[in-house]
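Novice: I would like the atomic coordinates for the input below:
(chains A and B)
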There are 2 protein chains.
Amino acid sequence: MKSDLSNLYQPRHIVIVGFSLNEEKEPIKFLNVLLKLGFRGEISLLGRERGTYAGCEVYADASDLPGDIDLAFSMLSAQKTLEVLPAVAARGVSVAVVFTSGFAEMGADGDQLQKAVVEACNQNGMRLIGPNCPGYFYLPNKINLTGIQDIPAGPVGMISQSGNVGITLWDQASMLDIGFSAFVGVGNQADVPIHDHIEFLGNDENTKVIALYLEGLPAGQGARFLSVCREVSKKKPIVALKGGRTSGGMRAAQSHTAAMSSASKVYSALFEDCGVIEVHHLEHLLPICEVLYRCPPMKGNRVAIVGSGGGHSTVATDEIEISGLSVPEFNQELQAEFAKRLPAYAPKRNPVDMTGGFTRDPSLFAQMTTLVLEHDKSFDGFINYGLYGLWHGGEVHPSSPYTYASAAPLLGSIQAAHQLPIIFYTPYAYQNDVSFTALRQAGIPCYANLDIAALGLSSLHKRHKFLSCPAVSYSSSAPAAVGEMLTPSDMLTEASAIEYLTSDGVRFPKFEVCLTPAEAAQAAARIGFPIVLKAILPGVLHKSDLGGVVTGITTCDATKQAAEAMALQIASAIGAARHTGYLVCEDVGKHRELFVGVRTDSLLGSVGLIGFGGVYAEAVDDTSVCIMPATPERVTESLMRLRSASMWGEFRGDSSVSAAGISELLNKLNGSLLRNPAVSAIECNPVMSVGSELIAVDAAIEFFQGSAK
Amino acid sequence: MKSDLSNLYQPRHIVIVGFSLNEEKEPIKFLNVLLKLGFRGEISLLGRERGTYAGCEVYADASDLPGDIDLAFSMLSAQKTLEVLPAVAARGVSVAVVFTSGFAEMGADGDQLQKAVVEACNQNGMRLIGPNCPGYFYLPNKINLTGIQDIPAGPVGMISQSGNVGITLWDQASMLDIGFSAFVGVGNQADVPIHDHIEFLGNDENTKVIALYLEGLPAGQGARFLSVCREVSKKKPIVALKGGRTSGGMRAAQSHTAAMSSASKVYSALFEDCGVIEVHHLEHLLPICEVLYRCPPMKGNRVAIVGSGGGHSTVATDEIEISGLSVPEFNQELQAEFAKRLPAYAPKRNPVDMTGGFTRDPSLFAQMTTLVLEHDKSFDGFINYGLYGLWHGGEVHPSSPYTYASAAPLLGSIQAAHQLPIIFYTPYAYQNDVSFTALRQAGIPCYANLDIAALGLSSLHKRHKFLSCPAVSYSSSAPAAVGEMLTPSDMLTEASAIEYLTSDGVRFPKFEVCLTPAEAAQAAARIGFPIVLKAILPGVLHKSDLGGVVTGITTCDATKQAAEAMALQIASAIGAARHTGYLVCEDVGKHRELFVGVRTDSLLGSVGLIGFGGVYAEAVDDTSVCIMPATPERVTESLMRLRSASMWGEFRGDSSVSAAGISELLNKLNGSLLRNPAVSAIECNPVMSVGSELIAVDAAIEFFQGSAK
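Specialist: So this is what the prediction gives:
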């Protein structure tokens, strides 16, 4: 379906639906804010009281509305919405913003009503924003339907599932000398999803960076979100905060916007895959937008810290290194240059500390920064820090050639000329002062939080990595030919899971299924020693805990003895009835053990999972999501997100775990998952990394109703 | 040595040393700030120009100083300090604050000079604060020697290794309607260490909470810091930020305050052990002090969220749960009570969302909070949130019985009556307004950062846990009798490490050292099958990577064959010369594998290390520090700090790993470490948890110069 939102952002004629002349009520307040801003198009009103208000005609019936209206802003009650809005649509209005709440966020009844409204409006050619939308504005076109005036204008386009989050950022903006082009509250996204707005703002020349507050995407929309964001991210940065990352947060988000929450790890993988910079605190969303708007991307991870004062230099260094960047020591040449200009007691190794000299000349920051660029060319970005701007009331020494404000453009020029970012820290940065406005106008963001300064640089480095990575090419191979379909009853044992996945091309060790200890001994001889003997125990999750796994068996006799001992042990633990046989497997030896699996996902259809494997996988709890289809690049990104990342590279003489091998395995598992609608997940654990090969040693297939192994 | 700092904090007569009448220089600026504050004691000055300034006598020679001076504040150059300060001490001045830098933070020469100054002054009965001290104040006594005026007075006592960090907090304080009793910059701590100040402020009735900015403690002072903080923490909260937590940060801290940095994990364990609340960002230090000052501790981890607005409720829930607390659903009775009072569309499950009603009556926050307390008594603390205070310019509906300010004491009364904490979030909280001052005066902290609100509650919960845990009792058993001393040459093999530790009482599997495959087979028969065969390879770290470990051997023949095969494999990999024999060990089977070790530490003498063990221990990199001597409680805390914490409790039918067993093992290892000055570390990895026992399976002893296994 076409999603041209130009009638939303650039309407020539608006109708406010559910208008009332009652000054106590919302509609008239919204209208007054719109009028005060100076909207230049036409405004009509639809309400019970005929007449005019501020020159706008009030119509009592939708059928009387003029035929050239582009946009309806509906403040009707939930019930009235279904009655009236389709009639407005019938007058040719192609987009409506439904402000009213009381729909899907209220439960099943509200969801029914919401579906009915969308269907009726769509049938009449109208697309819906919301319902439960907190309003929207597009300041270049003088439209503001949020009921709140004096919102600072600027380059940030914001798309949000919360009005209050918007209000918080509009308030924060003036502290950072920044502002907004657009805001849209998407509410329940019953019709137009969040990424349609991203696409529109991606092409909007008044929007230089996009801020997202997202509680959840509509089911099945992950792939479309991904492709839209990937395209838009190439043109301008997108920064996102995901609300509902914890179980409690998901419950809160559900009653708030009816968001169907996928796990937060899925969103994190999705964001990373399409270049969206994720932040983790609300207070970081706008500053990181600001940094990405003002500064060039950071090409490497080496940060120089140039400033004044000891404690701040230590804390700044900690914050930078904790953010994943590095603060390496300056070369000797540069340290010698500092020694010519700074007192003996001034630290010069990185950070360099001008020990208060800036009050005699604030341009020292630019001078020292230039010195770094001239004498140690290995740095990719800068933190400048100090009691800049308001120390002792903002006065500099009478002999100083610069004020704080007049020195600011020097830093801006350095950033622009060298195309590497400079971020300023000063504890006064959020006080309203010309010193800081001058820095920001020169392109230098400044913060009173060292963690935000550090996060700013690491975000600029992420931005560079996204922009410089080659376009991902997805294997276009069709899903594997449809094999036998699985139903839950087919799949009660590990053995049958392995047989099924083997037929799909997943590599397992050689194995045979046997009924008796004697058969097991014969099978062992055929497979070759050493072997692993496993009990077949339908429905038992951790058979090793019951003595149901013995490794390293080297003879036929030992196989038979182990099988007999195993039977006795299991019988005494859980009774003999559940022990239906033996699996005799080739022993592939000790290797690094991965967890590799796929599961269905409401957002993306299915996702891959990669993690630390083996018996302790659950306790170590170190898995990350891989967006499907898996490519070696996506697998590598996924492995890098693991805490145990270092374990999967070269390790004690073994080569790196094969990203190509994992991606191939994931895609095979995914093919099996997708062609079996009853299957909810397929997991291989452990998967052994043997040289450049990956060998699944155990597998489980889970079904939507109950699960079996 | 006695550390009575009353002459520092409550002097009757001060001398400023290194005074000059030059208005451009620091001393006169410092004096003017002191005079302006209204110090009521006497002030003398020691400088080159005789005369008086503002009624204070300037002396040219130390020997002319009056005999009743309590405190000297020295602004002499580093060189002059050694010349003049001992002479001032000779006049009976018992404490000096040395403002000057240019000492140990400058390297070896400065360190020499510093030692000379301390020695000369101590000999004359004078204790030193600093050098490289940024100044101090004690406002109840009208003393301010920081050169900065108008510092807000209040209950926070601050001890800092940075002046700039102090300035940052003094500036932040007015935003939070809080202030300071004392500040002392400890600089290089050449003489009086940080904990002497903690002890003094712990007994100071004007100080209700202590803020620490700490880059490092002097070597060997960890135990004294621990015991002081443990006592003070019982009386009042201590909050600390550790600067220099990364390698770059340590370098920065070293040039800044000559801090001898121990690893940040050691500090974190130390803080937790003595009840010091650690924060990780500079901007959190003062707010967490404020929370701990204003609010009662939080007895459990269940948080109720009461407020207005959707997005904030979701983000608040996320922040609370990410902080380690929980936001469980309200019971049905309470939800029904909310339903009587709030619109149908208002979420009521926790968070409860009054959807804007507070602008018609701000006391709704208190009403809804009371409703929770009456109908669901399972909660331990509250977040209240909303656009409180300045929404639409701070106006409430004309019919409202309360303003924002007049409603604030209602919340304060609830907090006081129920002794459970309430923290407010509103995006306007840092704007100067009577609404927020009223909340704070009522005891309710309010923040414009949801992460700080969440951190506040989790800090209050930590405070409760510290106050309610019984006093730790340390085993007073003397270190084990001194056995044979080790020298590096003694200890080149695992076998001799195991033999040595066995003699110290560490439990290992049965083992024998053998020279040939035939001897190994005989030893195996004596030990009993199954056995593990290991190669003895002096100096080889990971012998399993060379085929030097075979497990699960069940016969004499298999032992001999394995030993022969092992010899060939090693010979082809690294040559036969390094293979000096075999270790034949009892095979204790598969169990959970821990890393347990001790190492020397500059701060504490030695520390314990507990972590995820086995072959992948390094890659998983999950270890935590245990303060010595180990107690079961300390071990439990240490295990809880691991990411893999869940793995060490009951796990798949096995009982919890024995904390008592780990503490006993750590104390035995520590005894071995302490009586061998050449040994830098002793590590057992893996240590198997077998039932309630701990069996070390492998061990290594490291020496200070080079290491051997």
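Novice: poorly predicted segments of the stretch 301-450 of chain A, please.
Specialist: Residue ranges of the stretch 301-450 of chain A with pLDDT under 70: none are present.
Novice: closest residue of it to chain B?
Specialist: The nearest approach of the stretch 301-450 of chain A to chain B comes at A:Gly311, 2.3 Å away (CB to the nearest CB). Any C-beta I mention is one placed from the backbone N, CA and C, and that applies to glycine too.
Novice: how many neighbours does the residue lying closest to A:Met354 once chain neighbours are set aside have?
Specialist: Distance criterion CB to CB, 6 or more residues apart in numbering or on different chains; nearest residue to A:Met354, sequence neighbours excluded, is A:Ser308 at 4.8 Å. As a burial measure, A:Ser308 scores 27 neighbours (other CB atoms under 10 Å in any protein chain shown).
Novice: quick revisit: the spatially closest residue to the residue of the stretch 301-450 of chain A closest to chain B that is not a sequence neighbour: how many residues sit nearby?
Specialist: Excluding the flanking residues, the one nearest A:Gly311 by CB to CB, 6+ apart is B:Ser162, at 2.3 Å. Neighbours of B:Ser162 under the rule other CB under 10 Å: 28.
Novice: isn't B:Ser162 up against B:Cys133?
Specialist: No - B:Ser162 is beyond contact range of B:Cys133, at 10.6 Å (criterion: CB atoms under 8 Å).
Novice: what residues do those two have in common as contacts?
Specialist: Common contact partners of B:Ser162 and B:Cys133 (CB atoms under 8 Å, 6 or more residues apart in numbering or on different chains): B:Gly185.
Novice: what pLDDT does A:Gln10 get?
Specialist: On the pLDDT scale, A:Gln10 is placed at 93.
Novice: isn't it up against A:Tyr138?
Specialist: Yes - between A:Gln10 and A:Tyr138 there is a contact at 7.2 Å, judged by CB under 8 Å.
Novice: for the two, work out which one has more neighbours and name it.
Specialist: Neighbours were counted for A:Gln10 and for A:Tyr138 using other CB under 10 Å; A:Tyr138 has more, 25 against 15.
Novice: residue contacts, that one?
Specialist: Residues in contact with A:Tyr138 (CB under 8 Å, 6+ apart) are A:Leu8, A:Tyr9, A:Gln10, A:Ser181, A:Ala182.
Novice: repeat that with 7 Å
Specialist: A:Tyr9, A:Ala182 (CB atoms under 7 Å, 6 or more residues apart in numbering or on different chains).
Novice: cool, and the one 10 residues further on?
Specialist: For A:Ile148, the contacting residues are A:Val33, A:Ile167, by CB under 7 Å, 6+ apart.
Novice: and it, which of the three is it?
Specialist: Classification of A:Ile148 using DSSP: H, G, I helix; E, B strand; the rest coil returns coil.
Novice: buried residues of stretch A:52-64, list them for me.
Specialist: A:Tyr53, A:Cys56, A:Glu57, A:Val58, A:Tyr59, A:Ala62 (16 or more other CB atoms under 10 Å in any protein chain shown).
Novice: export these as TSV, with columns for pLDDT and secondary structure.
Specialist: Formatted as TSV, the buried residues of stretch A:52-64 follow (pLDDT from 0 to 100; DSSP: H, G, I helix; E, B strand; the rest coil):
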residue	pLDDT	secondary structure
A:Tyr53	93	strand
A:Cys56	95	strand
A:Glu57	94	strand
A:Val58	96	strand
A:Tyr59	96	strand
A:Ala62	94	helix
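Novice: tell me the one among those nearest to chain B.
Specialist: The closest of those, once distances to chain B are taken by CB to the nearest CB, is A:Tyr53, at 21.2 Å.
Novice: settle this for me: that closest one is touching A:Asn22, isn't it.
Specialist: No - taking contacts as CB atoms under 7 Å, A:Tyr53 lies outside contact range of A:Asn22: 11.1 Å.
Novice: could I get the full set of strands for the stretch 601-709 of chain A?
Specialist: All strands of the stretch 601-709 of chain A, identified by DSSP state E, counting those that start in this stretch, fall at A:605-612, A:623-627, A:679-690, A:693-696, A:699-703, A:707-708.
Novice: ok, which of these comes nearest chain B?
Specialist: strand A:605-612 (7.3 Å).
Novice: who touches the closest one?
Specialist: A:266, A:594-601, A:617, A:620, A:622-628, A:630, A:635, A:638-639, A:642, A:644, A:662, A:666, A:670, A:673-674.
Novice: those residues also near chain B: which ones?
Specialist: Contacts with chain B within these, counted by CB under 7 Å from any CB of the partner chain: A:Val620, A:Ser644.
Novice: in helices only, show me the contacts of strand A:605-612.
Specialist: In this view, these that belong to helices under DSSP state H are A:Val266, A:Ala617, A:Val620, A:Val635, A:Ser638, A:Leu639, A:Ile662, A:Leu666, A:Asn670, A:Leu673, A:Leu674.
Novice: what two of those residues are the furthest from one another?
Specialist: Within the ones in helices among the contacts of strand A:605-612, A:Val620 and A:Leu674 form the most distant pair, 28.9 Å apart (CB to CB).
Novice: comparing these two, which shows the higher neighbour count?
Specialist: Neighbour totals were compared for A:Val620 and A:Leu674, and A:Val620 leads with 24 against 17 (other CB under 10 Å).
Novice: just checking, that one touches B:Ser644?
Specialist: Yes - under the criterion of CB under 7 Å, A:Val620 makes contact with B:Ser644 at 5.5 Å.
Novice: tally of neighbours for A:Asn141?
Specialist: With other CB under 10 Å as criterion, A:Asn141 counts 18.
Novice: any idea how far it lies from A:Asp204?
Specialist: Taking CB to CB, to the nearest Å as the measure, A:Asn141 falls 10 Å from A:Asp204.
Novice: same check on A:Gly456?
Specialist: Distance of A:Gly456 to A:Asp204, given as CB to CB: 24 Å.
Novice: neighbour-wise, which of those two wins?
Specialist: Counted by other CB under 10 Å, A:Gly456 and A:Asp204 do not tie: A:Gly456 has more neighbours, with 28 against 21.
Novice: any idea which helix or strand carries the more buried one?
Specialist: Here A:Gly456 sits within helix A:450-468, counting by DSSP states H and E.
Novice: quick revisit: so what's the residue nearest to A:Gly311 up against?
Specialist: By CB under 7 Å, 6+ apart, the residues touching B:Ser162 are A:Gly310, A:Gly311, B:Pro134, B:Tyr213.
Novice: just the buried ones from those?
Specialist: Using 16+ other CB under 10 Å as the burial test, the contacts of B:Ser162 include A:Gly310, A:Gly311, B:Pro134, B:Tyr213 as buried.
Novice: what residues does the stretch 351-500 of chain A put near chain B?
Specialist: Within the stretch 351-500 of chain A, the positions lying close to chain B (CB under 7 Å from any CB) are A:Pro351, A:Leu387, A:Pro427, A:Tyr428, A:Asn449, A:Leu450, A:Asp451.
Novice: let's have those in TSV, adding neighbour count and distance to B:Asn124.
Specialist: Compiled in TSV, these are given as follows (neighbours: other CB atoms under 10 Å in any protein chain shown; distance: CB to CB, whole Å):
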residue	neighbour count	distance to B:Asn124
A:Pro351	30	37
A:Leu387	22	37
A:Pro427	29	40
A:Tyr428	18	43
A:Asn449	22	46
A:Leu450	24	42
A:Asp451	24	46
